[in-house]
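Student: When you get a sec, could you give me coordinates for this:
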Amino acid sequence: MLDSFDFNFSGILWPIVVLSIGFILYQGLQKAFSLSEKKRSNLVLQKQITNILFILLLIIIFVIALPIKDSIKNQIISLIGIVLSASIALSSATFLGNIMAGIWLRSVRNFKTGDFIEVKDMFGRVSGRGLLHTELQSIDRDLITLPNLFLATNPVTVMHSDGTIISTQLSLGYDVDHTVIEPLLLNAAEDAELDKPFVYIDSLGDYSVVYKVHGLAKDLKTTLSSRSALNRCVLDALHKAGIEIVSPTFMNQRQVNEQTFIPKERNNQVRKHADKPEDVIFDKADKAGKLDEMKKQHQELIERMEQAKEAIKNADNAEIEEELKHSYEKLKAREEQMAEYLESKLEEISREGKDSSSE
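Tutor: Now for the predicted structure:
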C-alpha cells in the first residue's frame, strides 16, 4: 500500500500548493460576487452554482496532485464521478432535484418577482426566488414556500402582464328575460371600470339560468379590488332595475304577502378607504417587485458610467474631458447612493415576515 505514495518533498508540496491557491481563488471569488451583488440582480443562483463547480474542480485537481500512482488517481476520480452521478439520479426528487428545477425555472423565465401566479389551489404574488424554493405571498398575506421541483412539475398560471379577465356569476329565474339581464350586467362591468365586458349564459338549470359576466382588468395590482367592485356593481345594477337575486325555489315557497327582497336604496355612500386591500395583502411581494425594477435601473446606471468612462478616454480636448469627468462623478455618487439603498432594502425584505429570534 505504501508503494503507491512517493514520499518526497515535491510530492508533498504540490497538494499543499493546490490547496493554498484554491483557498486564495475561492476568497477572491467570494469578494467578486460581493461586489457584483451591488451592481446586478439575481446573483444568488449564479453564486451557488459557481461555488459548487469550483469546489468540485478543486477536489479533482487536488487528487491529480497527490503523490500516488496514476492508476489509483484514476480510480478516485472515477469514484467521484460515480458518486456524483448516483447523487443526481437518487436525489432528483429532493435536494438536487430542486436545484435543477430552480435552474430550469430561471432559464424559462415564465414568471419573475412581483408576478401573480396560481399553482394547483394556491394563488398569490411572488415575493422571493432562490436556488431551492420560490416564496409566494398569499391573499391572506401569509408567506408560502414552494419547492422549485413542485413548480417545475405542476402547471403554473401566470397573470398576463397586459391584464387579466375578472368574472362573477349568478343565477336568476326564467321569469326574467335574458335581453333584460345582459345589458344590466354589461353596464355593471363598465361601472366596475373593466374593459371590453361580455356576458355568457353559462348553463340552464331546472329552476334558474346561470349568467357569467367578464371584464378585462388592466391593473394587476388591484385584482382583488376589481373582483369585489364587479360584485358590488352587479348587485347595484340588478337591484336598481327591480330584479331580485334569490333562488326561484325560495320564491315559490315563501309566505310573505308578495314582499320583494331588494334592499332600500340609501343616500349615504360606502366609505372609501385610503388603502386598497392589495396594499396590505401583497406588501412584501410589491416591495420585492419594486426592488427588482430598481436593480434594473441600477444596472442601467452602471452601463451609463461605463459609457462615460469611454467618452472621457476619447475626449477631443481638456475642456470636454473635464465636463465629462464632472458628469461621471455625478453618476458615481448616484450609483453609490443607490447601491447602499438597494443593499439595505434587500436585507429588510429578506427578513420581513420571519421571526427575528429564529435567525
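Student: Quick one: distance of the helix or strand containing L224 to the chain centre.
Tutor: Using DSSP states H and E, the element containing L224 is helix 223-240. Taking C-alpha atoms, centre = their mean, to the nearest Å, one finds the center of helix 223-240 at 30 Å from the center of the full chain.
Student: Show me what that helix is packed against.
Tutor: With contacts defined as 3 or more C-beta pairs under 8 Å, 6 or more residues apart in numbering; DSSP states H and E, the packing partners of helix 223-240 are strand 164-173, helix 178-191, strand 208-217, helix 277-281. (Glycine included, C-beta is placed from N, CA and C.)
Student: Neighbours of the closest residue to A311 other than its chain neighbours, how many?
Tutor: Once flanking residues are discounted, A311 sits nearest to L324: 5.3 Å by C-beta to C-beta, 6 or more residues apart in numbering. With neighbours defined by other C-beta atoms under 10 Å, the count for L324 comes to 18.
Student: Quick check: the gap between L324 and I312.
Tutor: 5 Å (C-beta to C-beta, to the nearest Å).
Student: so where's the longest helix in the protein?
Tutor: helix 318-351 (DSSP state H).
Student: Please work out which of the helices and strands packed on helix 223-240 is packed deepest.
Tutor: Most buried of those, by mean neighbour count (mean count of other C-beta atoms under 10 Å): strand 208-217, with a mean of 20.
Student: Keeping just the C-alphas, turn that one into CSV.
Tutor: C-alpha atoms of strand 208-217 as CSV (Å, rounded to 0.1, in the frame of the first residue of the first chain):
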residue,chain,number,x,y,z
SER,A,208,-82.7,29.1,-13.0
VAL,A,209,-80.4,30.5,-15.6
VAL,A,210,-76.7,30.9,-14.7
TYR,A,211,-75.1,34.1,-16.1
LYS,A,212,-71.4,34.9,-16.0
VAL,A,213,-70.1,38.4,-16.7
HIS,A,214,-66.5,39.1,-17.6
GLY,A,215,-64.3,42.1,-18.0
LEU,A,216,-60.6,43.0,-18.5
ALA,A,217,-58.8,44.4,-15.5
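Student: Kindly calculate the angle that that strand makes with strand 164-173.
Tutor: Strand 208-217 and strand 164-173 are oriented at 160 degrees to each other (axes from the mean of the first three to the mean of the last three C-alpha atoms, to 10 degrees).
Student: between strand 208-217 and helix 223-240, what angle do the directions make?
Tutor: Using the same axes, to 10 degrees: strand 208-217 against helix 223-240 is 130 degrees.
Student: what is the rounded mean pLDDT of strand 208-217?
Tutor: Across strand 208-217, the average pLDDT comes to 89.
Student: ok, residues contacting it?
Tutor: 163-174, 178, 181-182, 185-186, 188-190, 192, 194-204, 223, 226, 230, 234, 247-248 (C-beta atoms under 8 Å, 6 or more residues apart in numbering).
Student: Fine, thanks again, bye for now.
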